[in-house]
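[1] Coordinates for the following, if possible.
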Amino acid sequence: MTISRRDFLKKAATSSAVLAVGPALLNSKVFAADDILVGGIHDLSGGLDLYGKPMADALILAAEEINEAGGLLGRQIKLISQDPQSNMQQYTQIAQKMALGDKVAVVHGGMTSSSREVIRPVLRKAETLYFYNTQYEGGVCDRNTFCTGATPAQNLASAIPESISRFGKTIYVVAADYNYGQIISEWVKKYAKEHGGEVVAVEFFPLDVSEFGPTIQKIQAAAPDLLFSALVGGAHVSFYRQWAAAGLNKKIPLVSSTFSHGQEQLVLSAEEGNGIVTFASYFETIDSPANKAFLERWHKRFGDDYPVVTEFASNTYQGVHLWAKAVAEAGTIDRMKVIEALEAGLSLEGPSGKVTIDPRTHHVKVDARMAETENQTFKILKQWDQQASTDTQSVCDLIENPDTNEQFVIRP
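    Numbering: from 1, shown residues only. As a prediction, this is how the structure comes out:
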């Protein structure tokens with residue numbers, strides 16, 4: 001059944017509504033003195049809500065699981081989560097309030113690179129631990145920050161040569177016009193060149209653009225062997241619909257590093273989405289005991305009709321459990337002791353497979369996967385185990401230089 005964007009948002013909002021904890025509720029002292037406060041900053045409205053809602057729900061599920069197992073250090077976790085409405089000023093204000101007013105032990109949040117980069121300095125200055133749980137362009141090097149999403153080296157290093165092998169050597173790139181899209185296109189060029197391919201054109205689009213007719217005509221005229229998409233957000237879903245309407249979904253293979261993160265396969269009809277190939281660390285169709293158990297708990301908590309569990313939701317869930325495991329091993333929520341426990345190479349078996357903290361970069365090793373859209377879900381075609389963020393490793397060594405505080409722009 002095709003699910004419209006409106007239907008998805010309505011269903012997801014039902015499960016995420018519990019997160020909308022406002023100042024009045026916080027000031028009513030509903031939290032016990034010994035509760036461990038955990039902050040969540042995820043877009044529940046605005047242009048990026050399709051990404052934020054599953055992440056917010058993952059935070060709920062992970063916290064409830066920890067509490068049901070006895071909590072942490074004999075204490076219960078309480079969530080303080082707020083919606084920045086995809087607005088950078090609100091991101092800053094919420095981060096300041098959580099760190100300085102609520103004094104949370106950790107914050108999980110941020111979507112785009114710009115949102116991360118307004119949160120990160122606030123939390124570092126306030127000495128509040130930060131987890132960023134989305135795929136991004138790489139390069140963050142900050143001892144106070146842990147990144148659980150894949151960087152280009154973790155998925156494109158496999159995706160581009162595999163795509164060239166399957167579909168051909170000439171590539172046309174369409175991407176969102178911000179850090180991720182701009183930098184990811186450079187990595188596509190690098191990996192294409194290294195494997196005998198060529199990027200023939202690149203086009204960038206602001207997040208609010210929804211008309212792609214002229215670009216589709218250019219692609220049709222260029223006749224590349226494949227199209228690579230790094231489009232992002234609700235407006236950009238229109239590209240895939242217009243692509244199918246032009247009949248190009250049956251003529252030019254389309255591969256993407258972002259398709260599925262915003263549940264695009266549900267917004268599109270099966271006919272519009274079938275055949276799109278995407279690369280990610282997590283798909284619901286992973287056939288493992290850990291993922292099956294995770295999905296069973298998820299649907300028990302949020303309902304059998306929950307649209308889809310995304311990679312960003314899996315990252316968030318795993319990020320919370322990595323933090324909790326570090327707290328348990330450290331025997332305290334003291335920030336530096338928790339960081340040291342994480343830096344010991346902490347790992348866990350999560351829905352996406354084994355995830356292991358790299359102490360040098362505070363990124364994680366993940367399994368990379370290639371999947372094809374089939375009737376609004378994903379058929380996994382290939383897997384590459386335990387891919388490291390070698391791009392970020394090339395510029396970041398927090399063991400050698402623990403005071404580093406920078407987002408390096410890694411251009412190949």
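[2] okay, CA-based contacts and neighbour counts for the rest of this
    Will do.
[3] residues near Ala221, how many?
    9 (other C-alpha atoms under 10 Å).
[4] average pLDDT across the helix or strand containing it?
    Using DSSP states H and E, Ala221 sits in helix 213-222. Here helix 213-222 scores 97 as its mean pLDDT.
[5] Contact partners for the residue most central in space within the chain?
    The chain has Thr134 as the residue nearest its centroid, 2.4 Å off, counting by C-alpha atoms, centre = their mean. Counting by C-alpha atoms under 8 Å, 6 or more residues apart in numbering, Thr134 touches 110-111, 147-150, 312, 315-316.
[6] Can you give me the neighbour number for the closest residue to Gln154 other than its chain neighbours?
    Nearest non-adjacent residue to Gln154, counting by C-alpha to C-alpha, 6 or more residues apart in numbering: Gln387, 5.2 Å away. Neighbours of Gln387 under the rule other C-alpha under 10 Å: 20.
[7] Now do the host helix or strand of Glu162: everything it contacts.
    Using DSSP H and E, Glu162 falls within helix 152-167. Helix 152-167 has contacts (C-alpha under 8 Å, 6+ apart) with 136-138, 184, 187-188, 191-192, 195, 197, 225-226, 253, 255, 257, 279-281, 366, 368-370, 384, 387-391.
[8] circling back to that earlier point, can you pull the pLDDT of the residue nearest to Gln154?
    On the pLDDT scale, Gln387 gets 96.
[9] who does it bridge with?
    Val366 (DSSP bridges).
[10] so it touches His363, yeah?
    No. Look at Gln387 against His363 with C-alpha atoms under 8 Å: they stay out of range, at 10.9 Å.
[11] Can you name the next helix or strand after the helix holding Ala221?
    Following helix 213-222 in sequence, per DSSP H and E, is strand 226-230.
[12] Can I get that next one as PDB, trimmed to CA atoms?
    Output of strand 226-230 as PDB, limited to C-alpha atoms (Å, rounded to 0.1, in the frame of the first residue of the first chain):
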ATOM      1  CA  LEU A 226      24.000   5.600 -14.000                       C
ATOM      2  CA  LEU A 227      22.600   8.500 -11.900                       C
ATOM      3  CA  PHE A 228      23.900   9.000  -8.400                       C
ATOM      4  CA  SER A 229      21.600  10.800  -6.000                       C
ATOM      5  CA  ALA A 230      22.500  12.500  -2.700                       C
END
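[13] Each with direction, which strands does it pair with?
    Partners of strand 226-230, by DSSP bridges, with direction: strand 170-176 (parallel), strand 254-256 (parallel).
[14] Now render these as JSON lines, adding mean pLDDT and distance to Gly350.
    JSON lines is the format used below for the strands paired with strand 226-230 (pLDDT from 0 to 100; distance: least, C-alpha to C-alpha, whole Å):
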{"stretch": "strand 170-176", "mean pLDDT": "97", "distance to Gly350": "30"}
{"stretch": "strand 254-256", "mean pLDDT": "97", "distance to Gly350": "24"}
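[15] Could you save those as a markdown table and add columns showing mean neighbour count and distance to Leu268?
    Formatted as a markdown table, the strands paired with strand 226-230 follow (neighbours: other C-alpha atoms under 10 Å; distance: least, C-alpha to C-alpha, whole Å):
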| stretch | mean neighbour count | distance to Leu268 |
| --- | --- | --- |
| strand 170-176 | 24 | 18 |
| strand 254-256 | 24 | 15 |
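[16] Out of these, which gets nearest to Gly74?
    strand 254-256 (44.2 Å; C-alpha to C-alpha).
[17] chain center to that closest one: distance?
    On the basis of C-alpha atoms, centre = their mean, to the nearest Å, strand 254-256 sits 18 Å off its chain's mean C-alpha point.
[18] what's next to that strand, contact-wise?
    Contacts for strand 254-256 (C-alpha under 8 Å, 6+ apart): 163, 226-230, 275-279.
[19] let's go with 6 Å and repeat that
    226-230, 276-278 (C-alpha atoms under 6 Å, 6 or more residues apart in numbering).
[20] Please work out the average pLDDT along whatever helix or strand comes next after it.
    Once the chain leaves strand 254-256, the next helix or strand it forms, by DSSP H and E, is helix 264-267. Regarding helix 264-267, the rounded mean pLDDT is 91.
[21] Wasn't Ile131 part of a strand?
    I think there's a mix-up here, since residue 131 is Phe and not Ile. Yes. Read with DSSP: H, G, I helix; E, B strand; the rest coil, Phe131 is one of the residues of a strand.
[22] give the contact list for it.
    Contacts of Phe131 by C-alpha under 6 Å, 6+ apart are 108, 145-147.
[23] Dump those into JSON lines; add neighbour count, pLDDT and secondary structure as well.
    Listed next are the contacts of Phe131 as JSON lines, based on neighbours: other C-alpha atoms under 10 Å; pLDDT from 0 to 100; DSSP: H, G, I helix; E, B strand; the rest coil:
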{"residue": "His108", "neighbour count": "23", "pLDDT": "98", "secondary structure": "strand"}
{"residue": "Thr145", "neighbour count": "22", "pLDDT": "98", "secondary structure": "strand"}
{"residue": "Phe146", "neighbour count": "26", "pLDDT": "98", "secondary structure": "strand"}
{"residue": "Cys147", "neighbour count": "26", "pLDDT": "98", "secondary structure": "strand"}
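[24] Rebuild those residues as a markdown table, extending it with distance to Val320.
    Shown next, in a markdown table, are the contacts of Phe131 (distance: C-alpha to C-alpha, whole Å):
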| residue | distance to Val320 |
| --- | --- |
| His108 | 8 |
| Thr145 | 13 |
| Phe146 | 11 |
| Cys147 | 12 |
